[in-house]
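Novice: sharing a model prediction with you, sequence too.
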Amino acid sequence: MERSKMILPDHEIIEECRDVCRATVGVYVLTSCYGCQLVMATVQKIMEIANLVDFKCFYMVSSKSSMHEPVDIAFVEGSVSTEKDLEELKEVRKNAKVLVAIGACAVNGGVQSWSEGDLNYDELYASVYGDSKIKYKGLQAAPIDSYVKVDYFLPGCPPEEDEIMYFLSTFLFGSYPEEIDYPVCAECRLEGNPCILIESDAPCLGPITVAGCKARCPSFGVPCIGCRGPVPHDNSWFDSLALIFRNKGYSKDYIRERMKIFCSFDKNLEERLEKVFGRKK
Amino acid sequence: MPKKKIIHPITVDHIARIEGKAGIEVILDGKKVDVVNVNVFEGPRFFEAIAVGKHVEEAVAVFPRVCSFCAAAHKITPVLAAENAMGLEPSEQTMKMRELLYIGDFIQSHTLHLFFLALPDFLGFPDVFSMQGAHKDILNAAIALKDIGAHIQTVIGSRAIHQENALIGGFGKIPPKKSWETMRQKLRSLHDVAEEALEQFVGFPLWPEVEADRVHLALEPIDGTYTMFGNTIHASDGSKFKANAYQMRISEKVVPHSFAKHGSYNDQPFMTGALSRFTLFNDRLSKRAKLLARTYEEYLDAKNPLSNNLAQAIELIHYIHRAEIMADELASSIKPNERRVEFEITKAATGVCVTEAPRGLLAYTLKINKNGVIRAANIITPTAMYLPMMEADLRRMVEGLLEQGITDSKTIAQKLETVVRSYDPCVSCSVHVARVK
Amino acid sequence: MRYVKLPKEKVCEFLERLKSMGTLYGPKKISEKFYDFREIGDVKEVEFEYNRTITPPRKYFFPERETVFTFDTVNVEIHETMPEGKPIILFGVHACDIVGLRIMDSRFIDDLPDPYYQIRRENGIIIGLSCLPDEYCFCSVRRTDFVDAGFDLFLHLLPDGYLVRVGTVTGHKLIENSPEYFEEISSEDKDNFAKFETKRRSMFTVQGNWDDMRYRLELHLDHPMYMRESDKCLGCGNCTLTCPTCRCYEVKDLPTLDGTGGERIRFWDSCQFRSHGLVAGGHNFRPTKKDRFLNRYQCKNAYCETTTTSYCVGCGRCTYFCPADIQFKENLLEVYGTGGGA
Amino acid sequence: MSKPDPMKTYETHKCRLLRVYGLTEHEKLFLFRFDDPEIAQSWRFMPGQFVELSLLGHGEVPISICSSARRMGFFELCIRKAGRVTSEIHKLKPGDMVRIRGPYGNGFPMDRFYDRDLLLVAAGLGMAPLRSVFLYALDNRWLFGNITIINSSKLGKELLFAKELKAMRDIATAENIEIIQTATRDPDWGGLTGRAPTHLDKVNVDPTKCTAALCGPPRMYKSMFEQMIKLGYDPRYIFVNLERRMKCGVGKCGHCNIGTATSWKYTCKDGPVFDYYDIISIPGLI
Ligand SMILES: Cc1cc2nc3c(=O)[nH]c(=O)nc-3n(C[C@H](O)[C@H](O)[C@H](O)COP(=O)(O)OP(=O)(O)OC[C@H]3O[C@@H](n4cnc5c(N)ncnc54)[C@H](O)[C@@H]3O)c2cc1C
Ligand code: SF4
Ligand code: SF4
Ligand code: SF4
């Protein structure tokens, strides 16, 4: 997925009005598990935030919510999975100065975005609802930047509290967050963990997953499942990792299944896997 | 055929303060209520379909993503189902840690529901943020409780949502003695705080409009206590059945206004959740919780869904006490070097597990092939189970209000939302959707 | 140089003594195969026969992440957060890592010294420890397998204790202040020391001297090895983050929520990351994985005037801890012209 | 030499922004003064050196000083709006405070420029550091022979300090200074066109006794060198000012590292000014 280049934001961030008025923030949800909102609503400093900003929309916690008001910063959670999602997303984009995709679903499509045999929506629908009709129209789950321009990406399933705070504070300060372009392994080392990929041949996805979680799972001795999604700017080296896994005895199917959970929308994935395993039959 | 005359449609486009996207639609025909729908337009995520083809270890990492409010439930239940399929016996310590992790989930979920989602209704605020001035104490209690729920899950599970440390066969890393001691200390200081929610909700009337007889279903807790694991489902009509045969009694069907399916027990709507557990097994609660429950008996009415709030508050108290005891036990008995049980899958099998999630019965059936790959999955979540009952209650509410001459659609809508919230629905869970063979 | 003997039975007591002087860090076993420098609570946890630690000792003087100052944006004032200058006692450092620290010094304590590093370093006590090489070690060819400077005490394994070399005044003081732990060395000890050293030398899988490596590398900047090997690379930065002489860092400002203050932090960076060579406007001086890969090979083989060695001290970490199993030593040898293997 | 004081390494000084001039669409000129009069008195720099400018909360950026080294207590920075920090700098108003540390880098070895002709070749933002050299030469006019300055950019309206240079024309001619301004790709530009090397025939300097300072994008250097050497310029007297990503400015953070195993350089400390022989002996420098 091509990320917006974080070179120069073509929007003026809210700094002009900082003394006079409070920044307006909206938290929107498409289709997801609500985890990102839950983290947002329960960060330690949530009450302080609530005093500093004006939440125009935050359905999960407030009845005083509306999709239709202009906001300075919009956090959008969830993948686009229904036509209604898409309508809402377009509305949010129209109303927002800065749009942040928050969480694995919004950033990468989420776990719902792919299935065995890469079934399309209709096939999936049929497998679950049979031929019963439902009055809402679903869509193949997709990350939000396949439909609208996204200014910043805040990955994680769920996102980390300190990152949410960092994003908010830089926005409120009139700046913008710095993007991370290196993998979880780097943080794994900084945490002083032993590498379980080397030591016990665990299928750790740390090397291809963008950092920011302080190697949460490897710190528990659990191999990373890649919940933060691929390292941006095509720096997710699926081929190199697949080669390592293959040498450790993992099958192609297994590797592909595992890597795809949170990366199914990365345009490099199949191509780089092919490099190691040859073309898909 | 009489021509339908529609007056006052009552609609709530997007119910706020619940988890997931749903609306309410009421269509009146004259003075008669024609249609009451809870429209679930939360997008479908086909969990049972996307699990297929994934290795069981990856699948159990994916399932928690069904729902953030009860992620631990959606982790532990499929893990148990998978272990059941493989015939793998987790260690006693593992089960204890899982239970405590699950309790952390209960504490977090109940706290969030009671304080963040439901309470503003009763105190007349749009959200918790605006309660800061007038109700500082309540908020502090809420935050303390949410924190301990998150703390327990982070220590045991790696984080408050989507815990990766809980694995098939055991845990990646086992927290050392010190962590358990700290946890116990924190829990000890929360006894009084835990009763805050109960005190808040006790004063609020149970609206008589929604009172009606209903069937409750709950899992009989193992070992005579009050907890979320068990093997037999009890119904308040007196019948019992094996949890792993749930599919014979509980079924789901598709309705056109909802991406969530509608569950039924013997083809009847039923209720599940805190109130059901309380109704069926309240005599097993811990001492303090039982005492308080007796004191406020009149507010814990099995016929009235609004009592579900109170039942959650009682459970919150119960679980804070239970968690403390468990943390204490673990502090003295913990074996930090205990390894995960190693397993190798060699033959195809099906595993079933039913547990009590914060919102009620949660059932997983996993079919695994000989390579350890999921071939079929079935998940039934509490919200999907009680949706028909909830719609019935909403209908009763509208009818009752109309009878009293209340016709203002805004007032009615507000009351309806409150009823929905008392169920603590988890809409995104409910849209997990089952695979049809 | 002064030599004394620390008998085996006194080792624990000596460690206790060290612990009483400040915070004691030493090698510990942290998992099935790996060791790391950690704070020592119980001196029995110290691992004397470890191969290499996963994180390098530089982390005690140049932490993974530190706040350099806090600021006040209203008055445009800063408050530097200087290290406290508490004694840091680092026990069990191998010779190569001691050279590594001296290389760090050469960059961080130069004509424009880094105060954060310097304060910590001046409060550091370094106790060296002898070791036997494994197949990943190539300190011998880097001339870093034996050190004459950079330590306060250096312990060489004897059958019944340690032969201790005293490197600095601090080292002398340590011995003077706790004479009860030390003995004079005997001629037998000298023999044993010589035997150990001979054995140690003979165990290296590569022999000779790589002083001319840098020229050979430079002559073959277009060697196919770079493309082939960088293709396997994950760009994860493990090689640089575990290296005892890598020292790139990144800086970031973290404003507080209300915007009136904040902190500036610095944290380890790696030349293997894309943003390392990226400048405003999008130009990248090292745009491809191969460019970055080559960069490390050049940097590590460059010459450090202070230690008169290469920046690479041959500790083997970058190979041992590479998830992609990229063999630094073998790759260098390939370019060097002697083919793979020694 | 006295022992270096570590606390001075990263020491920042508060500076007040006195004036802002818009130069082009993307570049502005900022005039700063040190808040502390003592620092204002004692602070010195050489042309080609740079400062690290901090906007607390946003970050820190290296910027060449582009004013005359003789103006004490004041200095000017010409800054292009390029990213996080520089965009924020562009929003500053007179009276605002920033923090400055430096000067850093080697700067141009001005003593090697004395008694020789001077050729300055700038492309785009390269004019910023060279302006400092130019003003230095004007301030010490008697130390230099003939002077030529070639200022180039893609579009005419992007030429930095174009007006300033134009205004100087008359004095320049009197002072034996040749000013050449050229736009390389601008159909609407009325003046000279073509890249800088193509204008080497218009200079008033004698290649054999001339020092040249160049600053521009790396790709300019190659063609410039070829051309100059053909014309007989002494390579020992050709200097360039290079750019790399930088965080510390004092040879620590490693981002500006360049070179190969035999010659490993820090652009910030060993540079940013390098001479021709550095360039040809250190692969990757440009
Ligand atoms: C010696 C030297 C002199 C310079 N002189 C000038 C000048 O006179 N006028 C001018 O407008 N620009 C100059 N630059 C370039 C200027 O430093 C960058 O444009 C600036 O750092 C961009 O920062 P940013 O935060 O706006 O951009 P971002 O892209 O957001 O950069 C983030 C960070 O990366 C680093 N960085 C990015 N680009 C560069 C770069 N080109 N050089 C060094 N570090 C970079 C900085 O630390 C910066 O804070 C000079 C650079 C160097 C090395
Ligand atoms: S354990 Fe995983 S994340 Fe950590 S270094 Fe190894 S591969 Fe990377
Ligand atoms: S280690 Fe991997 S799976 Fe775990 S939180 Fe980080 S990115 Fe997600
Ligand atoms: S380059 Fe590798 S072998 Fe050399 S010092 Fe660094 S980590 Fe050790």
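Specialist: In hand now; what should we look at? Numbering: from 1, shown residues only, chains lettered A, B, ... in the order given. Ligands and ions are numbered 1, 2, ... in the order given.

Novice: residues from the stretch 101-250 of chain D in reach of ligand 1?
Specialist: By CB under 6 Å from any ligand atom, the residues of the stretch 101-250 of chain D that approach ligand 1 are D:125, D:128, D:243, D:244, D:245, D:246, D:247. Backbone N, C-alpha and C define where each C-beta goes, glycine included.

Novice: turn the residues you listed into a markdown table, including secondary structure, distance to residue A:125 and neighbour count.
Specialist: Putting these into a markdown table (DSSP: H, G, I helix; E, B strand; the rest coil; distance: CB to CB, whole Å; neighbours: other CB atoms under 10 Å in any protein chain shown) gives the following:
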| residue | secondary structure | distance to residue A:125 | neighbour count |
| --- | --- | --- | --- |
| D:125 | helix | 56 | 22 |
| D:128 | helix | 61 | 26 |
| D:243 | coil | 55 | 22 |
| D:244 | coil | 54 | 19 |
| D:245 | coil | 50 | 21 |
| D:246 | coil | 54 | 23 |
| D:247 | coil | 52 | 23 |
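
Novice: what is the nearest of those to chain B?
Specialist: Nearest to chain B among those: residue D:247, at 31.8 Å, using CB to the nearest CB.

Novice: correct me if wrong: that closest one contacts residue C:250.
Specialist: Yes: counting by CB atoms under 8 Å, residue C:250 is a contact partner of residue D:247 at 6.6 Å.

Novice: now do the shared contacts for the two.
Specialist: C:266, D:253 (CB atoms under 8 Å, 6 or more residues apart in numbering or on different chains).

Novice: mind listing what the residue in the stretch 251-400 of chain B positioned nearest to chain D touches?
Specialist: For the stretch 251-400 of chain B and chain D, the shortest gap (CB to the nearest CB) falls at residue B:336, measuring 39.4 Å. Going by CB under 8 Å, 6+ apart, residue B:336 touches B:174, B:175, B:176, B:177.

Novice: ditto for residue C:7
Specialist: Residue C:7 touches C:160, C:161, C:183, counting by CB under 8 Å, 6+ apart.

Novice: check residue C:29 and give its pLDDT.
Specialist: Note on residue C:29: pLDDT of 93.

Novice: quick one, what contacts it?
Specialist: C:35, C:47, C:50.

Novice: what score does the second one have for pLDDT?
Specialist: Okay, so that is residue C:47. Confidence score, pLDDT, at residue C:47: 93.

Novice: ok, back up a step: now do the SS call for the residue of the stretch 251-400 of chain B closest to chain D.
Specialist: coil (DSSP: H, G, I helix; E, B strand; the rest coil).

Novice: on that earlier part again, out of the contacts of residue C:29, which is nearest to residue D:8?
Specialist: residue C:35 (39.0 Å; CB to CB).

Novice: distance of that closest one from chain D?
Specialist: 27 Å (CB to the nearest CB, to the nearest Å).

Novice: dig out what that residue forms beta bridges with.
Specialist: Residue C:35 has these beta-bridge partners by DSSP bridges: residue C:29, residue C:53.

Novice: any idea how far chain B is from it?
Specialist: Distance, residue C:35 to chain B, by CB to the nearest CB: 18 Å.

Novice: I'd say that residue and residue C:28 touch.
Specialist: Yes: using CB under 8 Å, residue C:35 is in contact with residue C:28, at 6.5 Å.

Novice: list residues touching both of the two?
Specialist: Counting by CB under 8 Å, 6+ apart, the residues touching both residue C:35 and residue C:28 are residue C:47.

Novice: OK, contacts around residue D:186?
Specialist: D:154, D:155, D:156, D:157, D:193 are the contacts of residue D:186 under CB under 8 Å, 6+ apart.

Novice: let me have those residues in TSV, extended by secondary structure, neighbour count and pLDDT.
Specialist: Below are those laid out as TSV (DSSP: H, G, I helix; E, B strand; the rest coil; neighbours: other CB atoms under 10 Å in any protein chain shown; pLDDT from 0 to 100):
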residue	secondary structure	neighbour count	pLDDT
D:154	coil	14	89
D:155	coil	15	87
D:156	helix	20	83
D:157	helix	13	86
D:193	strand	16	84
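
Novice: ok, back up a step: out of the contacts of residue B:336, which are buried?
Specialist: The neighbour-count criterion (16 or more other CB atoms under 10 Å in any protein chain shown) marks B:174, B:175 among the contacts of residue B:336 as buried.

Novice: need the distance between the two termini of stretch B:45-56.
Specialist: 18 Å (CA to CA, to the nearest Å).

Novice: touching chain A at all, that stretch?
Specialist: Yes: judged by CB under 8 Å from any CB of the partner chain, stretch B:45-56 comes into contact with chain A through B:45, B:46, B:47, B:48, B:49, B:50, B:52, B:53, B:54, B:55.

Novice: coming back round to it: what's the farthest-apart pair in the contacts of residue D:186?
Specialist: D:157 and D:193 (14.0 Å).

Novice: give me the pLDDT value at residue A:19.
Specialist: Residue A:19 is given a pLDDT of 51.

Novice: check contacts around the nearest residue to residue A:277 once chain neighbours are set aside.
Specialist: Spatial nearest neighbour of residue A:277, excluding adjacent residues (CB to CB, 6 or more residues apart in numbering or on different chains): residue A:252 at 4.8 Å. By CB under 8 Å, 6+ apart, residue A:252 lies in contact with A:246, A:273, A:277.

Novice: pLDDT weak spots in the chain?
Specialist: Just going to use chain A. In the predicted model, chain A carries pLDDT under 70 at residues A:1-21, A:117, A:280-281.

Novice: my question was about chain D, not that one.
Specialist: Residue ranges of chain D with pLDDT under 70: D:1-2.

Novice: give me the neighbour count for the residue in the stretch 51-200 of chain D that chain B sits nearest to.
Specialist: Closest to chain B within the stretch 51-200 of chain D is residue D:57: 25.9 Å, counting by CB to the nearest CB. By other CB atoms under 10 Å in any protein chain shown, the residues close to residue D:57 number 24.

Novice: all good on my end, thank you.
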